[in-house]
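> Provided below are the primary sequence and the corresponding predicted coordinates.
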Amino acid sequence: MGKAQKKTGKGRLDKYYKLAKEQGYRARSAFKLIQLNKKYSFLENARCCIDLCAAPGGWLQVATKYMPVNSVIVGIDLVPIKPIPRVVTFAADITTPHCRNLIRGELKDWKADVVLHDGAPNVGSAWVQDAYSQSELVLMSMKLAAEFLIKGGTFVTKVFRSADYNNLIWVFNQLFGKVEATKPPSSRNVSAEIFVVCRDFLAPKHIDPKFFDPTHVFKDLSASVPEEGETGVSSKSLQVNVFQPEKKRRHRDGYDDGNYILFKKATAGDFIRSSDAIAFLGSVNKIAFETEEEKEWLKLDVTTPDVVTNCEDLKVLGKGDFKTLIKWRMALREEIGLDVKTKETEELTEEVEVMEDVDPEEEIQNELERLNAEAAARAKRERRRANEIKTRTIQRMQLQMTAPMDIGMEQHDASLGGQDDMFELDDAHRAMRGKGGRGLDESDAESDDGSAAPEDSDDEALDSEEERERKLAGLEAELDGMYDAYQDRLKERDAKYKVKEARKNSKAREEWDGIEKGSGSDSEDSSDEGGWDNVQAAKERAGEDSSDEEDSDEDSAPVAGTKRRANELRGSAQSRKKARLATVAPASGDAKLSRTAQVWFSQDCFAGADVDIEDDEEEEEEDADEEDVSMDVDEEDAADDALQASSDEDDDFEIVPQEPDDDAGMWDVEDDNEDEIKQTKIKKHGLLTAEAVTLAQQLVNRQRTRTDLINDGFNRYSLNSKDDLPSWFLDEEEKHYKANIPITKEAVAALRAKMRALNARPIKKVAEAKARKKFKAAQRLEKAMKKAEGVNQMSDLTEREKAKQIENVMRKGMASKKQKEVKVVVAKGSHRGVKGRPKGVKGRYVMVDSRMKKEVRAQKRKEKANKKRKRT
Ligand SMILES: C[S@@+](CC[C@H](N)C(=O)[O-])C[C@H]1O[C@@H](n2cnc3c(N)ncnc32)[C@H](O)[C@@H]1O
């Protein structure tokens, strides 16, 4: 067990660790043996097993589990192993003769079927001497295996991927019929360990002792003699390909024989004359200029200062520097005549152009054809490209991947051939014109006629600010148009969208209906009927500046947020909505009225009708309250109630016209109207959303304060203005701009519990049935009491008779009516076709046949469908 593998290290406590704990194995390594045995099945038939390096005993536990009951299992380790049933253990060093004697003493004449070895020297610890490496330990365990294994037996050992690995495998192959290296899944990938399963022990009579001699087995065989002519360059194994450097590896091979210094210097002459320049560069540290000839080279032009510097320390050079050196070598070799210039021969070869006699007309013809072909090819390319873009756009729209902005961009791109930036509108425009393409606005119609203005005048026109703005507006209009078309397509395709839109519209209508109810006029005609004008006039009377639409904004919190949808219906609906909610300076009698009512009733036609108004308002309130009792609270009414409530709250205060609310027209994460509805619901029914519960909990637990909430309201989004933004952009925002609402687990749990409690309640029908039953029982009791009273007043009866009769009456009254039994007669066999009472049936009966149920249901279905059809 290496030092690096800390028990608390990352990944140490993996699934095998947990499994081992669960299954009672002493070490996670137990699974390695389980997996090895699963693959090679060497334990099931083994009668004797020796486990070398067995502490703490995981493998021994596996052996006891998988080997036959009466088998012999011996475990040896440097450290004592806690007793395991049916296992003999020793504390010994497996590399010593003492260990061998202990095993011999235990096994007597027996031979082991399996020898296991999972040893790992822990360098520096008390376990093992530093001198022994893992490979040596493996070799020692193999020596014991060779002594104690039966012919055909199995030796399983752990080896590490190292320079010794191949040597070990070679030795194993000398002693075993099958040698396979494997890494069980439970062995960590980060670990260099591999398990070698050596099967079919050959049990040779004589084994060469060199097989177990580490100095012999691990002798480096790969060191080769230096190549001829490569003075100063040692073994090939030390050469590095400087152009394809490999990862740094530990030099397990150590130093070359007879060469124990790391720093190597070679001369420039060696380098220039070496046959393998790359290998040379990889094997030396410095190239020196020592001889007279080499010093002469320093004066040559090819020997740049870079070259000289690079030669100083080759170990710090990069690829580029090595290339410089290689080039320098090539140049110098040519210079000193080692290589012959290939260029020279090239230069000597003269190129002779053979000119043919061509007819000038034919030449012109050819040229024309070529130009035509080129033009056709270009046109084809452009067409294909435009088609591709179109198809892509359609696909993306079908997949709902594209925002209308994309459409605009792509169409733009398509017409521009993708060359211009979409924001360089006039450049793009010019480009389109230049290509004879159609412009994006109407003004381009002229150029389409073929009567294109000369380019210069065009440029002049485009340069003018006015023109540019006009084009921008045209582009925007086009984008809007495309967006509308896109929305239409969406509507056609998406049923859900239709429903949503319908709901939206109906809501918007309902909002406005609040005012219309009173006026009884169509919203469009409201000005005629006095709705809008009157409201404006009322505002004026109230001292507000009617010219400024924003001034009509609300002054109290529930009204402060401008309606999101109303915003979409910018213009008429929104302003009317605002007007509806506008504040009027209250006259003394108006104090009790809602703001809506104040505005409405401040119209001229209601002048002098204060008392009635109040009464009406009260009636309205009552109506609203009545409706609130019902299960399905109309959301719109709820919103109205909210407004009502807020105005009621303000009753004690004088309502004064306010400055336009800064928040109006700001981003709202959700629909304001929905917000209002939610607020009203929360007021009425308590905390309904996880968000609300979370906030409430946080407030109660003092995790948040009121100030925190107020502060949270001021964020980077709170001042985003919605003014002048295109509707598609607002739509997108509504869809994708969702606030990350903090919800706690506790809040969700609390809500769930609440819902569970609600669900546990009986459904409405059951409750009604129970109530009916109770009611009927009470009625019966009342009736019985009346009867008993009558009996009591009878004078001709004795007290005893009276008591008896009263008892009877009460019993009958208390008892619930028995349901009359209905006999079900299946209309089959002798009953088939029977019209009257079937024979032998007394009392109430009903005739049924097997198909009846289905037929009745089908009938009902049909009727229902017919009704629906008639309605639509
Ligand atoms: C990875 S643990 C073995 C785990 C064991 N297979 C199990 O499943 O419980 C390696 C063991 O090798 C032992 N070891 C290392 N060198 C040894 C040696 N020379 N003789 C005996 N045991 C040795 C260590 O004491 C250590 O307990």
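Cool, got the structure. Residues are numbered from 1 along each chain as shown.
> now the stretch 751-872 of the chain, which segments are flagged as low pLDDT?
Low-confidence segments of the stretch 751-872 of the chain, defined by pLDDT under 70: 850, 872.
> up against the ligand, what does it have?
Applying CB under 6 Å from any ligand atom, one finds that the stretch 751-872 of the chain does not approach the ligand at all. (C-beta placed from N, C-alpha, C; glycine too.)
> could you break this structure into its assigned domains?
For the chain, automatic domain parsing gives the domain ranges 15-217, 236-341, 367-445+454-484, 496-672, 687-761, 765-813.
> what's the local residue count around residue 864?
10 (other CB atoms under 10 Å).
> looks to me like it is in a strand.
No - residue state for residue 864 (DSSP: H, G, I helix; E, B strand; the rest coil) corresponds to helix; a strand is not indicated.
> give me the three-state assignment for the nearest residue to residue 140 once chain neighbours are set aside.
Once flanking residues are discounted, residue 140 sits nearest to residue 95: 4.5 Å by CB to CB, 6 or more residues apart in numbering. With three-state DSSP as the basis, residue 95 sits in coil.
> show the pLDDT at residue 95.
If you check residue 95, the pLDDT there is 89.
> so it sits right up against residue 137, yeah?
Yes - using CB atoms under 8 Å, residue 95 makes contact with residue 137 at a distance of 7.1 Å.
> for stretch 155-170, buried residues please.
For stretch 155-170, burial by neighbour count (16 or more other CB atoms under 10 Å) applies to 155-160, 162-165, 167-169.
> and the contacts of that stretch?
Applying CB atoms under 8 Å, 6 or more residues apart in numbering, the external contacts of stretch 155-170 come out as 33, 36, 42, 114-120, 133-135, 138-139, 141-142, 145, 149, 172, 176, 179, 181, 192-198, 201, 217-218, 220, 252-253.
> and the ligand, which of these contact it?
Among the contacts of stretch 155-170, the ligand is touched by 118, 119, 120 when using CB under 6 Å from any ligand atom.
> and the residue of the stretch 101-250 of the chain nearest the ligand?
residue 118 (3.4 Å; CB to the nearest ligand atom).
> quick check: that residue vs residue 60, distance?
Relative to residue 60, residue 118 is positioned 10 Å away (CB to CB, to the nearest Å).
> out of the two, which sits in the busier spot?
Each of residue 118 and residue 60 had its neighbours counted (other CB under 10 Å), and the higher figure belongs to residue 60 (28 against 23).
> ok, back up a step: got a list of what the residue of the stretch 101-250 of the chain closest to the ligand touches?
Each residue near residue 118 by CB under 8 Å, 6+ apart is listed here: 29, 32, 33, 51, 52, 53, 54, 59, 157, 158.
> try it again with 10 Å
Residues in contact with residue 118 (CB atoms under 10 Å, 6 or more residues apart in numbering) are 1, 27, 29, 32-33, 51-55, 58-59, 77, 141, 156-158, 193, 195.
> so which of the residues you listed sit within strands?
51, 52, 77, 156, 157, 158, 193, 195 (DSSP state E).
> what sits opposite the second one in the beta ladder?
Pointing back at residue 52 there. Beta-bridge pairing for residue 52 (DSSP bridges): residue 76, residue 117.
> looks like it contacts residue 94 (just checking).
Yes - the pair formed by residue 52 and residue 94 meets the contact definition of CB atoms under 10 Å, at 4.8 Å.
> hey, what's in contact with both of the two?
Common contact partners of residue 52 and residue 94 (CB under 10 Å, 6+ apart): 76, 77, 103, 117, 119, 137, 140, 141, 144.
> mind checking the SS state of the last one?
Secondary structure state of residue 144, per three-state DSSP, is helix.
> residue contacts, the nearest residue to residue 268 once chain neighbours are set aside?
Distances taken as CB to CB, 6+ apart place residue 294 nearest to residue 268, at 4.5 Å, with adjacent residues excluded. Taking CB under 10 Å, 6+ apart as the criterion, residue 294 is in contact with 267, 268, 269, 270, 271, 272, 287, 288, 303.
> dihedrals phi and psi, the last one?
Think residue 303. Torsion angles at residue 303 (phi, psi; degrees, to the nearest 10) stand at phi -90, psi 80.
> do me a favour and get the end-to-end distance for stretch 783-802?
With CA to CA, to the nearest Å applied, stretch 783-802 spans 17 Å between its terminal residues.
> buried residues of it, list them for me.
Buried residues in stretch 783-802 (16+ other CB under 10 Å): 784, 787, 788, 791, 802.
> you'd agree the fourth one is up against residue 798?
This means residue 791. No - using CB under 10 Å, residue 791 makes no contact with residue 798, being 11.9 Å away.
> common neighbours of those two, please.
Both residue 791 and residue 798 are in contact with residue 804, where contact means CB under 10 Å, 6+ apart.
> where in the stretch 51-200 of the chain is pLDDT low?
Counting by pLDDT under 70, the stretch 51-200 of the chain shows low-confidence ranges at 122-132.
> secondary structure class for the residue nearest to residue 111 when sequence neighbours are not counted?
Residue nearest to residue 111 in three dimensions, not counting chain neighbours: residue 150, with 3.7 Å by CB to CB, 6+ apart. Taken by three-state DSSP, the conformation at residue 150 corresponds to strand.
> which pair in the contacts of residue 294 spans the largest distance?
Across those, the longest distance by CB to CB is 15.9 Å; it joins 270 and 303.
> hmm, back to that, the more surrounded of residue 52 and residue 94?
Between residue 52 and residue 94, residue 52 has the larger neighbour count (other CB under 10 Å), namely 29 against 25.
> how close does that one get to residue 96?
In this view, residue 52 and residue 96 are 12 Å apart by CB to CB.
> counting by contacts, list what the helix or strand where residue 379 lies packs against.
Taking DSSP states H and E as the definition, one finds residue 379 inside helix 360-398. Under the contact definition 3 or more CB pairs under 10 Å, 6 or more residues apart in numbering; DSSP states H and E, helix 360-398 sits against helix 404-416, helix 465-493.
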